[in-house]
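1. Quick one, fold the following:
(chains A and B)
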Number of protein chains: 2
Amino acid sequence: MTVQPDIYSELSNHIKPSPIRALIPFIRQPGVISFAGGLPAPETFPVEQIQEITQNILEEEPGSALQYGPTTGDPRLRQAVADRLTKKMGVDVEADQVIITTGSQQALFLAAMIHVDRGDAVGVESPTFTGGISAFDPFHAKFIPFEMDEDGIKTDQLEAWLAAGNRLKMLYTIPDFQNPTGVTLSLERRKHMVELAKTYNFIIMEDAPYTDLRYSGEPVQSVYSLDDSGHTYYCGSFSKIFSPIRLGWLVAPKEVIDRLNVAKQPVDTCSPMLTQAIAYYFLSQNYLGPQIEKITAFYKARRDVMLSALDELMPEGVTWTRPEGGMFVWITVPEHVDVQQLFHKAIDNKVAFVTGSAFFIDEAVQPNTLRVNFVSENGEQITEGIKRLAESLKDML
Amino acid sequence: MTVQPDIYSELSNHIKPSPIRALIPFIRQPGVISFAGGLPAPETFPVEQIQEITQNILEEEPGSALQYGPTTGDPRLRQAVADRLTKKMGVDVEADQVIITTGSQQALFLAAMIHVDRGDAVGVESPTFTGGISAFDPFHAKFIPFEMDEDGIKTDQLEAWLAAGNRLKMLYTIPDFQNPTGVTLSLERRKHMVELAKTYNFIIMEDAPYTDLRYSGEPVQSVYSLDDSGHTYYCGSFSKIFSPIRLGWLVAPKEVIDRLNVAKQPVDTCSPMLTQAIAYYFLSQNYLGPQIEKITAFYKARRDVMLSALDELMPEGVTWTRPEGGMFVWITVPEHVDVQQLFHKAIDNKVAFVTGSAFFIDEAVQPNTLRVNFVSENGEQITEGIKRLAESLKDML
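-> Take a look at the predicted model:
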C-alpha cells in the first residue's frame, strides 16, 4: 500500500515544477550545444582563492565555521555586504538591514512568506524569471503581468492599473539585464516606479543578481537608492559574481529583517556558517572587485560572439535584444513560427534554448520568443550553436 | 516614512520567534555555565578530515562543487545515505526515496508544506522539540499534544483520540532520546503507532537526529523499519554526528520525494553542493563510523558526570530522566516551584537552563520542569553548574 493522494496539501497540489526543468532530458543529450541553462560558467569560479580561504577558516575558526549560527547570518558577512552596498549604491545600508539567505531564491521566498496572503496582487514583468514566480506561488499570489519594452517594464501601464483602483501588494522587478530579456530598466522609469510605490503604498522587490555583470554602457542607479521611503527591498546573490554556493541577501528596513528572521527559523534555522565565512573572507580580502573584472571580461567576449553570430547568421524577420550585461539574449521570431516545434527541430540539430512561453504568466502572450544564455558555452560553440539554430529556423520559414 | 504594519501576511503575524532564543541575552553573560543550548560540542567536529576532504574536492571537482546542483541533492550523497540507512535499519532504502535538505529543520518544513492544510491535526509529543512546532506552524497546523511517560508518547491516548472519530494528518515523533526529555519510545509502542497509522491513515514523521548517539542500553528498531505500508517518513541530520553544516535528509516513498522536490525549488533551489560533497566523502571514506564512536564516548562521559552530579547534589523532591543517549536531561521540580523565577535566580547564580514550558503546546502543562543539555560544557563545569542549580533550587524550597 502507498500513501493516498488526498494526503497532500492544497499548496502541494497548486505549485508546479519549474517548466525549464522539464526541458532537461532533451537538453542533456550528447553533442547538444545548450543555450538553455541559467548557470554561471565554472571556468570563472575563483577556485584558488576559495582553497586558500577555506584552509585558513578550517585552521583558525573551525569551531564556529562548522557550528550553528545566527538565523540572520554571520554578523561579519552582514556587515561586509552592508558596507559594499553602501559604497556601490551611495546610500547608507546598515548591517541590521541585511539578512543572509540560502541563495537569493530564499530571499524571495521569505519576502513572499511575510507579505503575501492568498489573492494578494504581485506585479511582475512580462516575461519574468520563473524562480520569482515560484517564490510567490506557494502563497497563492495573484500575478499581474505588465508589459516590457526596450526600457524595461512599462510603468505607465502599472500606473493606469493602480489608478483604476487596483491594490498591489508587491512589485517584483529585475531592473538590470533582466532574466529572460536582458533589458535594463531606464532611470526615468525607476523614479516613476518609486513614486508609484509611495503613492499607492506597495513594496518594490528589486532583484539584482546580474547588476555587477555590466559589459557596456553606464550603470543605472538602483531602485533602492532612489527610494528614501522604505518601500523598496533589494536582493542580491553571490551566485553570478562568485559561485552558486547558495548565499544571497536581502536588504530591507530593520523591522522587516526582524520578520524575515522569524520566518527563516522554521525554513532552515540558519544558512551554513562555513560558506558564509568563505564569502566573508572573499569580500574582506578584497578579492571580489578583481573577480568581477575577470568575469565581466570573460562574459563580455561571449556576449559579443553571440551578438555577432546572430547578426551574421539569423534570417530576415528575426529580432533580438542587445543586453549591456547579464547572461541572456531574448530572441523574437516571426509570429507564425511555432517555437515549441522549433525547440524540437533545434534539439534534432543539437542545439537547445528555452521557449519564451516558460517566462510568461499567461503562456499565450508572445509565444514567438525564446531565451538564449551566452555565458555557458565557449565562443566556438556559441557560433556553431547559433548557426544550428538559424538553420532550424530557416527550415520553418 | 516606514512600511506600514498592515503589509505583513497573516502567516507572519501568526508565527512566533523561538521561545528559547528569547533567553539568549540572559544566557550569554560572562561566567554563566549554560545547559540551555542545543548545540553539539565543537571539540567533536572532525576538523582534520574535513580539511583533507575539502582540499581534495576543491582540487578534483571545483566545477561541480561550486555550481548549482539538483534540488533533491547530490546523487552520490543520496545514494550514500540510502546505503547507510539500509544497513542500519535492515530495510531497503533506495536513493530516490531520499531528499537532501538544508538541515533536517528544512525536511520538517517541506513535509509540512506538502501535507498540512490550515486546521489539519498534527499530533506531537508533550513536551516536544520547538523546531518541530515551528515547521508546522506556518501552515496553521492544529497541534494535538499527547502525554509521555518513561516509555515515550502514550500511544493508548493517541488511539483513544483517533477512535473518538478525530482525524490526524501527521504524527511528529522523536523516538530516540527525545528532545527535550531524553526518553526513548519503547518497541511495543512503536509497533502500536504503526498499526494506528495504517488503521487511521496518517503519516508518522520520525525525527531521528540523536539516534546514533547511544551511550547505554540496546538500540530499538526505527519506526520506519517497522512500517511496510509507506506511512512513515524518516528524517535525520549530519548536525549531531558530524557538524551542523546544514545538511539533513528525509526518507519517504518516491512519489512523496517528487512532491518535496517541487516544494524545495522555491525555498532554496538546492542545498550547497560543496557541503554535500564534504558529507559524501565523509561517508564514502568510512569516517562516520569512527566519528560516531568518538562522539558517543565523549558525550557518554559528560552524561555520566551530569547524572552523578544530579544524584549527589539535587535536593529531595526533584526527579529527572536518565537518558540512554542524545543531549538532554529533563528535570521535574516540586510543583510549587515557579520555574520562571528559578531561571532568574539561576542566572544570578551563573547557571542557565531552558524552562520546560517552552516545549509544551499548552504552556500551562507541567510548568515545574526544565531541560538541561549535558554535551556543551566540560565535566568540571557540569558539576559546578549542577551545584549552582541545586543551590538556586534550595533557596526556593
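2. Show me what the helix or strand of chain A with the lowest mean pLDDT is packed against.
-> Least confident element among the helices and strands of chain A, by mean pLDDT, DSSP states H and E: helix A:24-27 (a mean of 78). Helices and strands touching helix A:24-27, by 3 or more Cβ pairs under 8 Å, 6 or more residues apart in numbering or on different chains; DSSP states H and E, are helix A:339-348. C-beta: built from backbone N, CA, C; applies to glycine.
3. Average the pLDDT values over the helix it packs on and round to the nearest integer.
-> The average pLDDT for helix A:339-348 rounds to 95.
4. List the buried residues in that helix.
-> Going by neighbour count (16 or more other Cβ atoms under 10 Å in any protein chain shown), the buried part of helix A:339-348 is A:339, A:342-343, A:345-347.
5. And stretch A:276-292, by the same measure?
-> Buried, per 16+ other Cβ under 10 Å, within stretch A:276-292: A:276-283, A:287-288, A:291-292.
6. now swap in stretch A:176-196 and tell me
-> A:176-186, A:189-190, A:192-194, A:196.
7. ok, now which ones touch A:H14?
-> Applying Cβ atoms under 8 Å, 6 or more residues apart in numbering or on different chains to A:H14 gives the contacts A:137-138, A:140.
8. With neighbour count added, can I get the residues you listed in TSV?
-> Below are the contacts of A:H14 laid out as TSV (neighbours: other Cβ atoms under 10 Å in any protein chain shown):
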residue	neighbour count
A:D137	18
A:P138	21
A:H140	15
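9. Verify the stated contact: A:V267 with B:L108.
-> No. The criterion here is Cβ atoms under 8 Å, and A:V267 misses it with B:L108 at 10.0 Å.
10. sorry, back to before: and which of the contacts of A:H14 is nearest to chain B?
-> Set against chain B, the nearest of the contacts of A:H14 by Cβ to the nearest Cβ is A:P138 (5.9 Å).
11. Adjacent strands (with direction) for whichever helix or strand comes after the least confident helix or strand of chain A?
-> From helix A:24-27 onward toward the C-terminus, using DSSP states H and E, the following helix or strand is strand A:33-34. Sheet pairing for strand A:33-34, assigned by DSSP bridges, gives strand A:351-352 (parallel).
12. quick one: the strand it pairs with to chain centroid distance?
-> 22 Å (Cα atoms, centre = their mean, to the nearest Å).
13. ok, now stretch A:69-82?
-> 22 Å.
14. gap between the two ends of it?
-> 19 Å (Cα to Cα, to the nearest Å).
15. buried sites along stretch A:26-43?
-> A:27, A:32-42.
16. Apart from its neighbours in sequence, what residue is nearest the most centrally placed residue in chain A?
-> Centroid-nearest residue in chain A: A:P209, 5.3 Å away (criterion: Cα atoms, centre = their mean). Once flanking residues are discounted, A:P209 sits nearest to A:S237: 4.5 Å by Cβ to Cβ, 6 or more residues apart in numbering or on different chains.
17. Go back to the contacts of A:H14 and keep what's next to chain B.
-> A:137-138 (Cβ under 8 Å from any Cβ of the partner chain).
18. Okay, and which of the contacts of A:H14 map to helices?
-> Using DSSP state H, no member of the contacts of A:H14 falls in helices.
19. farthest-separated two in the buried residues of stretch A:26-43?
-> A:V32 and A:P40 (19.3 Å; Cβ to Cβ).
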